[in-house]
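Engineer: Here is my input; please provide its structure:
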Amino acid sequence: MVTTPAPVLVTGATGTQGGAVARALADAGVPVRALVRDPGAPRAKAVAAAGAELVRADLADPDSLVPAVRGVRAVFSVQMPPMSEAGVDFAGELAQATHLIEAAREAGVPQFVQSSTSGVGDHTRAPGWAEGRWAAMEEYFTTKQTILERVRAAGFPRWTVVKPAYFMENLPALVPHGPSGGLATVLKPDTELALVAPADIGAAVARAVQDPDRFHQVELELAGDRLTVRQVAAVLSQVWGVPVEAPVMDLEQALAAGMPSWGAGHEWNNAVVQPAHPEDARALGIPVTSFADWARERLGWDRCSLPEPRRQQPRPRRLPLRDGRLPRPAPAGPVPPGPPEPARR
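Structural biologist: Residues are numbered from 1 along each chain as shown. The predicted model follows:
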């Protein structure tokens, strides 16, 4: 008698991170149970069409998570903090993660994989942190750190943390007027960025699910490339066939040049280098994507009128709201990625 393998519960499956995880698991032959709030939504239907089982639940509703976690072999956890005109509700983000951790623990789920942000845990060593230079980011990082501590203390037989760096998808939005307009950013030309493609997040989680013993207690700083902003511009120049400049700009100049408001948060990146390195993933047998390969595949002249970036994790800056939402300052995501639903969960 053939038995169906237990599925993996994927949160954020209609977003960037969860979607990448769902695709990577499906490609590996692992059944996916996708947590969605509205199974009738177009994105949810697309996930189902790709072969996933849909389960209606809400991370803010603990009772709804009980059937969602029942019988799964693993959980992939990623949160989107509630946002409103008042700002980002980090307490809500922590509650979402806590509800899922507790539901999975009560159900005896054998493996838990948490998505976080590159640099969480090292953030207090940032220059000026003790003096209050980054006070606006304290709640952001404290929330992420508390979630990790709860995962570690939950008693799961196997657990893994993936800490994505800056989402590659966010970079084209810093070229608001197309290639010939150059970069519009407060990032300095010599600032080094750790970069990640969302597909690599999916690959890392799929590898962890397939080899839970090897990945037990691994906290993976995930990046596919490390480039300075000047090198990023050089790659874009090669892909687009025209020079892309990486000028030095202050905040006022960058905003006037068309930088999205979330780009103000990149002052953090000028001061703090994310610890993620491609070699860390490769050492675990995880294939990663260079920015040049990603750009050749994803960018072209028809994409030069660039959309809003996909968001990884929202930054804790009180930036102007647009359409009732806090703009994503590129985290994974981010930078602080929070990638980063900044690059949509």
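
Engineer: Note down every partner strand of the least confident helix or strand in the chain by mean pLDDT and its orientation.
Structural biologist: For the chain, using mean pLDDT, DSSP states H and E, the weakest element among its helices and strands is strand 83-84, scoring a mean of 82. Its sheet considered, strand 83-84 pairs with strand 87-88 (antiparallel) by DSSP bridges.

Engineer: Contact partners for P31?
Structural biologist: By Cβ atoms under 8 Å, 6 or more residues apart in numbering, the residues touching P31 are 4-8, 25, 53. All C-beta spots, glycine's among them, are computed from the backbone N, C-alpha and C.

Engineer: and the two most separated of those residues?
Structural biologist: Using Cβ to Cβ, these reach their maximum pairwise distance at T4 and L25, which is 14.3 Å.

Engineer: neighbour count winner among these two?
Structural biologist: L25 (24 against 6; other Cβ atoms under 10 Å).

Engineer: my guess is that one meets A204, correct?
Structural biologist: No - with contact defined as Cβ atoms under 8 Å, L25 does not reach A204; the gap is 11.5 Å.

Engineer: How about residues contacting stretch 44-51?
Structural biologist: Identification of contacts with stretch 44-51 by Cβ under 8 Å, 6+ apart yields 13-14, 19, 22-23, 26, 32, 34, 36, 38-39, 54.

Engineer: which residues in the stretch 201-345 of the chain form strands?
Structural biologist: For the stretch 201-345 of the chain, the strands defined by DSSP state E, counting those that start in this stretch cover 218-222, 225-228.

Engineer: just those: most buried one?
Structural biologist: strand 218-222 (a mean of 22; mean count of other Cβ atoms under 10 Å).

Engineer: Strand partners (parallel or antiparallel) of it?
Structural biologist: strand 158-164 (parallel).

Engineer: chain center to the partner strand, what's the gap?
Structural biologist: A distance of 12 Å separates the centroid of the chain from that of strand 158-164, by Cα atoms, centre = their mean, to the nearest Å.

Engineer: Can I get that strand in CSV, CA atoms only?
Structural biologist: The C-alpha trace of strand 158-164 is given here as CSV (Å, rounded to 0.1, in the frame of the first residue of the first chain):
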residue,chain,number,x,y,z
ARG,A,158,14.8,19.6,14.8
TRP,A,159,14.9,23.4,14.0
THR,A,160,16.7,25.6,11.6
VAL,A,161,16.9,29.4,11.1
VAL,A,162,17.4,31.0,7.7
LYS,A,163,18.6,34.6,7.7
PRO,A,164,18.2,36.1,4.2
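
Engineer: packing partners for the helix or strand following it?
Structural biologist: Going down the chain from strand 158-164, the next helix or strand is strand 166-167, by DSSP states H and E. Packing partners of strand 166-167 (3 or more Cβ pairs under 8 Å, 6 or more residues apart in numbering; DSSP states H and E): strand 192-196.

Engineer: what's the strand it packs on packed up against?
Structural biologist: With contacts defined as 3+ Cβ pairs under 8 Å, 6+ apart, strand 192-196 has these neighbours: strand 166-167, strand 225-228.

Engineer: Show me what the last one is packed against.
Structural biologist: Packing partners of strand 225-228 (3+ Cβ pairs under 8 Å, 6+ apart): strand 192-196, helix 291-298.

Engineer: Dump it to PDB, restricted to CA.
Structural biologist: C-alpha atoms of strand 225-228 as PDB (Å, rounded to 0.1, in the frame of the first residue of the first chain):
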ATOM      1  CA  ASP A 225      26.600  37.300  -3.700                       C
ATOM      2  CA  ARG A 226      28.500  40.100  -2.100                       C
ATOM      3  CA  LEU A 227      29.000  43.300  -4.200                       C
ATOM      4  CA  THR A 228      29.600  46.900  -3.700                       C
END
